[in-house]
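*Asks:* Dropping the sequence and predicted coords here.
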2 protein chains.
Amino acid sequence: MSETTLKEIAQKLGISITTVSKALKNYTDVSPKTKAAVIELAQELHYYPNSFAVNLRTKESKTIGLIIPTIVHHFFSNVIEGILEEAEKRDYLVIILQSNEKYELEKKQVGLLLNKRVDGILISLTNETAEFEHLNSILEHKTSLVLFDKIAKIVKCSKVIIDDRKASYNAVTFLIKKGYKKIAHFRGSYTPQNSIDRFLGYKKALEDHGITYDPNLVFLCDTNQDLIDAYENAKKIITENIEVDAIFAVSDLVAMGAMKYLKEAGIEIPKQIAVFGFSNWYVTELISPKLTTVDQPGFEMGLQTASLLFDEINMKKKNLPVTTKTITLETKIIEREST
Amino acid sequence: MSETTLKEIAQKLGISITTVSKALKNYTDVSPKTKAAVIELAQELHYYPNSFAVNLRTKESKTIGLIIPTIVHHFFSNVIEGILEEAEKRDYLVIILQSNEKYELEKKQVGLLLNKRVDGILISLTNETAEFEHLNSILEHKTSLVLFDKIAKIVKCSKVIIDDRKASYNAVTFLIKKGYKKIAHFRGSYTPQNSIDRFLGYKKALEDHGITYDPNLVFLCDTNQDLIDAYENAKKIITENIEVDAIFAVSDLVAMGAMKYLKEAGIEIPKQIAVFGFSNWYVTELISPKLTTVDQPGFEMGLQTASLLFDEINMKKKNLPVTTKTITLETKIIEREST
DNA sequence: TTGTAAGCGTTATCAT
DNA sequence: ATGATAACGCTTACAA
């Protein structure tokens, strides 16, 4: 049973391929009679267009590519869900690639997607990414590009982000207003902008509220075992008797790593030390004490990112000028028991 | 800057398209001189083949499709990672679709992938899926298919699974050997085979060890809020004073939902009630007490599933007969603090 | 209303 | 060693 083609239908009906094609696409210039006949036979033979041929003709694949640092990650997997939902709505398929936080891999994957001739690309950059020719090459290929969450400001494309600095500023301000004075920060790697911004927000909040910033209260959790880094840093605080009454963590996982040690060491949370996370992973509600955190709208980010991309693809198709925009999503503090 | 084509290179070099094509593909019947010239110019013009045309010619897309119930799920996201890793190794791209546990959606998505003419399809079925024509239609299209984790035994294709019944049997036997006698089971929905098998393993283990099976000790956690179901069921056990000294849960999340209530109610785990999970989600090590669970090798399952598919695709390409196989992955008990 | 024919960019067959 | 030509299956001016 070979695949049915337009040609086959045309032959069986004794008409031209053109007419068959038109009949199936609701062209006005086909008689109702032939149209009906074509449609009937097409259904009978289970005809469906050969997408390879359509792609070649129309020069579009109705497919987009997504490059993401890690899939096994509460925030990113939510973003993926949002992207898939929007793509489904728009009749697009999504090719997903995991860059594994490796710049070289990300670069290679951009190449793969360009080769595949996807209609657009969505990327959240790796922590290593510091050069951007691969992104610019996407633009040069006239392929639409939208960056999200981990972005590069210099690249001239649309972006969807949260205001990490502000979110972090608000979180720390919240702690200060609650009376905490010795607030440590468990920060992420030095390169990604999010991590930098969250640190900056932390610092600014302290300064704005008359607390002198103390670099010794900033602890690095930057390996891919950040959870363990956090555990060790908490241990350091306790064993070295560093004076700390609250910890503001760069992520929920880091917060949980810290809490794990604190609980094991018999430290009461938040009485002795408060802990503040970042992301609002649903697990943070399952642990005790429930973690206070910043809600980072992953699903919504996915939705908006994809939406922006599809809008841009459509504009380009109509030869209309595309303007890049940056959407900043709102975050909010979820107060629970750990602060 | 339009895309470079073979034609363009041929014209610039004053040779035929055929020769250019051959030169770029290491055919033996091209003189070293022209070959060198072609390759040089191709590089200069950043030539890369138009995949749409290649697809049409070769009738393959070097792309596979993956349909999965939920992405935001510790086990499934690990499977995805495994699949992507294997696909990368074999130079394939992966289109991912989320069926959201909806049979109708799964069915539609199979259609989308078939339309897209992917070279193969990977599916973990939804809990609702009870009819299989859509899967058989994949086979009729001569498209390779591999089912994993949530499979349908009747469908004639390769499969990768774990032995849920055995894993569950072993888990419950472990509890019995530890001296627990009133073992409750927090089970999953009635339809999916995994859920049924885990229940059956539970029941068999009791019977084989002289404990009469008591249906009143089986609690259903089947909504998409299974975590909350578990919480409520645990509450029921405590408030209604149901005699239980251990809970064997169908998943880690369900186990955590139960633990959440038990901890809130001041029940000591495992002293008063032990809790046993299923999957070995990394979070189970982060909570206290650390959860005893069954290690379910998600990443490995992804690797094997994809590998099976690619092998099958290759066999088909060579017109060799394909034999379907079922791989059963080993699970093991991870003993921690909750039992 | 219907059909002819060109073209999308490759690959493969068969001559030269 | 090189090239002419057909074919993959579809879309779309343009004719009839």
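*Replies:* Noted; the coordinates are in hand.
*Asks:* Could you use CA atoms for every contact and neighbour count after this?
*Replies:* Will do.
*Asks:* Let's verify the most centrally placed residue in chain A: helix, strand, or coil?
*Replies:* Central residue of chain A (CA atoms, centre = their mean): A:Val79, 4.6 Å from the mean position. Secondary structure state of A:Val79, per DSSP: H, G, I helix; E, B strand; the rest coil, is helix.
*Asks:* Run through the residues that contact it.
*Replies:* For A:Val79, the contact set (CA atoms under 8 Å, 6 or more residues apart in numbering or on different chains) comprises A:Gly298, A:Phe299, A:Glu300, A:Met301, A:Gly302, A:Leu303.
*Asks:* Now do the strands in the stretch 1-150 of chain A.
*Replies:* A:63-68, A:93-98, A:120-123, A:144-148 (DSSP state E, counting those that start in this stretch).
*Asks:* can you count the residues close to the residue of the stretch 51-200 of chain A found nearest chain B?
*Replies:* The stretch 51-200 of chain A approaches chain B most closely through A:Ile95 (4.3 Å), counting by CA to the nearest CA. Under the neighbour criterion other CA atoms under 10 Å in any protein chain shown, A:Ile95 is assigned a count of 23.
*Asks:* Name the nearest residue to it, ignoring sequence neighbours.
*Replies:* B:Ile95 (4.3 Å; CA to CA, 6 or more residues apart in numbering or on different chains).
*Asks:* give me the beta-bridge partners of the one you found?
*Replies:* Note on B:Ile95: beta-bridge partners by DSSP bridges are A:Ile95, B:Gly65.
*Asks:* show me the contacts for it.
*Replies:* Counting by CA under 8 Å, 6+ apart, B:Ile95 has contacts A:Leu93, A:Val94, A:Ile95, A:Ile96, B:Thr63, B:Ile64, B:Gly65, B:Leu66.
*Asks:* got it, and A:Ile64?
*Replies:* Applying CA under 8 Å, 6+ apart, the residues near A:Ile64 are A:Tyr92, A:Leu93, A:Val94, A:Ile95, A:Val118, A:Asp119, A:Gly120, A:Ile121, A:Leu122.
*Asks:* Test my guess that A:Val218 contacts A:Phe186.
*Replies:* Yes. Using CA atoms under 8 Å, A:Val218 makes contact with A:Phe186 at a distance of 6.0 Å.
*Asks:* Those two: which has the busier surroundings?
*Replies:* Taking other CA under 10 Å, A:Val218 and A:Phe186 do not tie; A:Phe186 has more neighbours (27 against 20).
*Asks:* Contact residues of the stretch 101-250 of chain A facing chain B?
*Replies:* Applying CA under 8 Å from any CA of the partner chain, we find that the stretch 101-250 of chain A lies next to chain B at A:Asn115, A:Lys116, A:Arg117.
*Asks:* And the pLDDT for the first one?
*Replies:* Per-residue pLDDT puts A:Asn115 at 97.
*Asks:* Can you give me the neighbour number for it?
*Replies:* A total of 14 residues lie near A:Asn115 under the criterion other CA under 10 Å.
*Asks:* so it touches B:Phe52, yeah?
*Replies:* No. The criterion here is CA under 8 Å, and A:Asn115 misses it with B:Phe52 at 9.6 Å.
*Asks:* quick check: angle from the top helix by length along chain A to strand A:63-68?
*Replies:* Secondary structure of chain A per DSSP state H: the longest helix is helix A:298-317. Relative orientation of helix A:298-317 and strand A:63-68, computed by axes from the mean of the first three to the mean of the last three CA atoms, to 10 degrees: 140 degrees.
*Asks:* so what strands line up beside the very next helix or strand once past helix A:298-317?
*Replies:* Following helix A:298-317 in sequence order, the next helix or strand is strand A:326-329 (DSSP states H and E). When sheet partners are counted by DSSP bridges, strand A:326-329 sits next to strand A:158-162 (parallel).
*Asks:* buried stuff in stretch A:298-317?
*Replies:* By neighbour count on 16 or more other CA atoms under 10 Å in any protein chain shown, the buried set for stretch A:298-317 is A:298-310, A:312-313.
*Asks:* average pLDDT across that stretch?
*Replies:* Rounded mean pLDDT across stretch A:298-317 is 97.
*Asks:* And stretch A:210-219, by the same measure?
*Replies:* 98.
*Asks:* measure it end to end?
*Replies:* 21 Å (CA to CA, to the nearest Å).
*Asks:* again with stretch A:82-100
*Replies:* 20 Å.
*Asks:* For it, what is the distance to the chain centroid?
*Replies:* How far stretch A:82-100 lies from its chain's middle: 11 Å, per CA atoms, centre = their mean, to the nearest Å.
*Asks:* Quick check: buried residues in it?
*Replies:* A:82-87, A:92-100.
*Asks:* Do you have the helices of chain A handy? List them.
*Replies:* For chain A, the helices defined by DSSP H cover A:6-13, A:17-24, A:32-44, A:51-58, A:74-89, A:103-116, A:133-140, A:164-177, A:193-208, A:226-239, A:252-264, A:298-317.
*Asks:* does chain B sit close to the second one?
*Replies:* No. For a cut-off given as CA under 8 Å from any CA, helix A:17-24 has no contacts with chain B; the smallest distance is 15.8 Å.
*Asks:* Does anything pack onto that helix? Which helices or strands?
*Replies:* helix A:6-13, helix A:32-44 (3 or more CA pairs under 8 Å, 6 or more residues apart in numbering or on different chains; DSSP states H and E).
*Asks:* Please see if the last one touches DNA strand C.
*Replies:* To tie it back to what came earlier, the one meant is helix A:32-44. Yes. Applying CA under 7 Å from any atom of the strand, one finds helix A:32-44 touching DNA strand C at A:Pro32, A:Lys33, A:Thr34, A:Lys35.
*Asks:* now these: which count as buried?
*Replies:* A:Lys35.
*Asks:* Tell me the one among the residues of helix A:32-44 next to DNA strand C nearest to DNA strand D.
*Replies:* A:Lys35 (13.9 Å; CA to the nearest atom of the strand).
*Asks:* For the closest one, give me its contacts.
*Replies:* Taking CA under 8 Å, 6+ apart as the test, what A:Lys35 contacts is A:Val20, A:Ala23, A:Leu24.
*Asks:* May I ask you to confirm that the last one is in contact with A:Ile39?
*Replies:* Translated: A:Leu24. Yes. With contact defined as CA under 8 Å, A:Leu24 reaches A:Ile39; the gap is 6.5 Å.
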